[in-house]
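>>> After the sequence you'll find the predicted model.
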Amino acid sequence: MTWSTVALLLVVVTAVLLRWRRPAWYWMTFGVTFAALRVAFRYASVMDACGLTVPPSRWRLSLARMTNRPAPESQAPRILRMRPTRTGLVLRLKLRPGQDAFDVAAATDRLRHSFAMYGVTSRELRSGVVELRMTGYDVLERVQMPTKVDSAPMRVPVALREDGAVHYRDYRAVPHGLTLGATESGKSVYQRNLVAGLAGQDVALVGIDCKQGVELFPLARRFSALADNPDTALELLEALVAHMEDVYQLIRAEQRITVNVPDAEIAADIWDLPDDIRPTPVVVLVDEVAELALFATKDEEKRRDRIITALVRLAQLGRAAGIYLEICGQRFGSELGKGITMLRAQLTGRTAHRVNDETSANMAFGDISPDAVLAAIQISTDTPGVAVAGDSTGGWARIRAPHTSLRQAVNICNRNADRTPDLPELAAFRPAVAPLASAALSLSKAAPATA
Ligand SMILES: Nc1ncnc2c1ncn2[C@@H]1O[C@H](COP(=O)(O)OP(=O)(O)OP(=O)(O)O)[C@@H](O)[C@H]1O
């Protein structure tokens, strides 16, 4: 055997091993080149086989007849750009006259196996231009967030989508969210990623954790207020409603000044206020929401009604005051009593992890997208953390958050403890935490920055 044969054999064995054990590395080393060549060489025939070509126009046919040339072939959409990414290929296509984005969307599964890719999704960028995102491997199997992500205030890169794009929880675009899932489906890890992402931003975190505080209290150093039982939760929510009313008064006061100044911007929410008077935005995380809605006695029923009323008011009016709700639970439907469906209608950012039945999936997406209901039901038990995320536009995607441990999230919160704002209205709920021992502080500083 010659040296070149041995080298070739080594390369082939390495490629096979990488593809099997480390698909992401395989993609970066071999996969991307093979895939790009495959698409470049087979593009016309695959598009033809997938029904994505249009017959030649009359004038091209006449021109061919007049010049005695063979009849021209059907034309596929023109490739405007082919961009390799960390996880796949992105193709930008200019559709031919008579084609529309639905034709491409309907053919994505055929394109997937014709180009031997793991997944293909499409979206219309503008009229007549479609983006095809192809993934080379199952990016949700072992989630690796890209090192560079867009960072913007109140926008958290929380998970990876199955098309390889980053999934952001954008509070200014979708103010309130509902995360559902059966037990052990990955809700806490998802919420932990949210906290870790928000920890470095100028935001007050408020937590209600009726699991006796086991999920959120370890992260207490970055929280401005915490409650671990329904009684404290009620007081905290009513204090938040009072805070919201104060913020509205502040906006009104600012409006009274600007309304008489010609051409001056008139504030409609906290983001329109000047930086020096803008109140800190607040994200309220509620874990195991059903605990707040359960009652056994008349007094507990009254407490429950007040809690739900406060949550509904925050959901209805909180956005302009910079108060955002992030509610998490196993189920969230009308069986939890009056006011729940009204509250759910305001929680337009939906995330469903694995659910136990179709009813639970319907609680997340029944009023938004039947396809998302189906996708949520299909999440298997052996992929905790996989979820379907959607919003009121009807768009949805399969996502998975990185597997951030509680230790990693605690380290991130401790490192950002000095960013924790003091909200005077919530001072009574500020968690009592011992000062960080210097050894613990240096340990947390040495810990990785990202999960
Ligand atoms: N994104 C993820 N990637 C890999 N493993 C995950 C992910 N999310 C969760 N897991 C694993 O799944 C298990 C359950 O996760 P988690 O505690 O978040 O579920 P949960 O829905 O909050 O459960 P419960 O309602 O019982 O508290 C954990 O062992 C966790 O390690």
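Great, that's in hand. Owing to the predicted nature of the structure, the values given are computational and were not obtained by experimental measurement.

>>> make it CA atoms for all contacts and neighbour counts henceforth
Will do.

>>> how about the residues of this structure near the ligand?
The chain comes close to the ligand at residues 181-189, 384-385, 400-403, as judged by C-alpha under 6 Å from any ligand atom.

>>> Go again with 8 Å.
Residues of the chain lying close to the ligand (C-alpha under 8 Å from any ligand atom) are 142-143, 181-191, 288, 329-330, 353, 383-386, 400-405.

>>> residues near Q316, how many?
Q316 has 16 neighbouring residues, counting by other C-alpha atoms under 10 Å.

>>> Just confirm it is within a helix.
Yes: under DSSP: H, G, I helix; E, B strand; the rest coil, Q316 sits within a helix.

>>> Show the backbone phi and psi for the nearest residue to it once chain neighbours are set aside.
Nearest residue to Q316, sequence neighbours excluded (C-alpha to C-alpha, 6 or more residues apart in numbering): Q346, at 6.6 Å. The phi and psi values for Q346, taken as degrees, to the nearest 10, are phi -80, psi -20.

>>> so Q346 sits right up against L178, yeah?
No: taking contacts as C-alpha atoms under 8 Å, Q346 lies outside contact range of L178: 9.4 Å.

>>> Please identify which of those two sits among more neighbours.
Legend: neighbour count by other C-alpha under 10 Å for Q346 and L178, higher for L178 (23 against 19).

>>> And the pLDDT at that one?
Residue-level confidence at L178 comes out at 94, pLDDT.

>>> I'd say it and H353 touch.
No: assessed by C-alpha under 8 Å, L178 is found out of contact with H353, at 11.0 Å.

>>> Now for A296: which residues touch it?
Residues in contact with A296 (C-alpha atoms under 8 Å, 6 or more residues apart in numbering): none are found.

>>> Show me which residues of stretch 170-179 are buried.
Within stretch 170-179, the residues scored as buried using 16 or more other C-alpha atoms under 10 Å are D170, Y171, V174, P175, H176, G177, L178, T179.

>>> who's in contact with that stretch?
By C-alpha under 8 Å, 6+ apart, stretch 170-179 touches 154-156, 187, 315, 319, 324-329, 344, 346-353, 364, 391.

>>> What is the end-to-end distance of that stretch?
14 Å (C-alpha to C-alpha, to the nearest Å).

>>> and what of stretch 262-273?
17 Å.

>>> How far does it sit from its chain's centre?
29 Å (C-alpha atoms, centre = their mean, to the nearest Å).

>>> and what of stretch 370-386?
For stretch 370-386, the distance to the chain centre is 15 Å (C-alpha atoms, centre = their mean).

>>> Could you list which of the contacts of stretch 170-179 belong to helices?
K187, A315, R344, Q346, A364 (DSSP state H).

>>> got a winner among those residues for most neighbours?
Ranked by neighbour count (other C-alpha under 10 Å), those have A364 at the top, with 34 neighbours.

>>> Right, I'll call it a day here.
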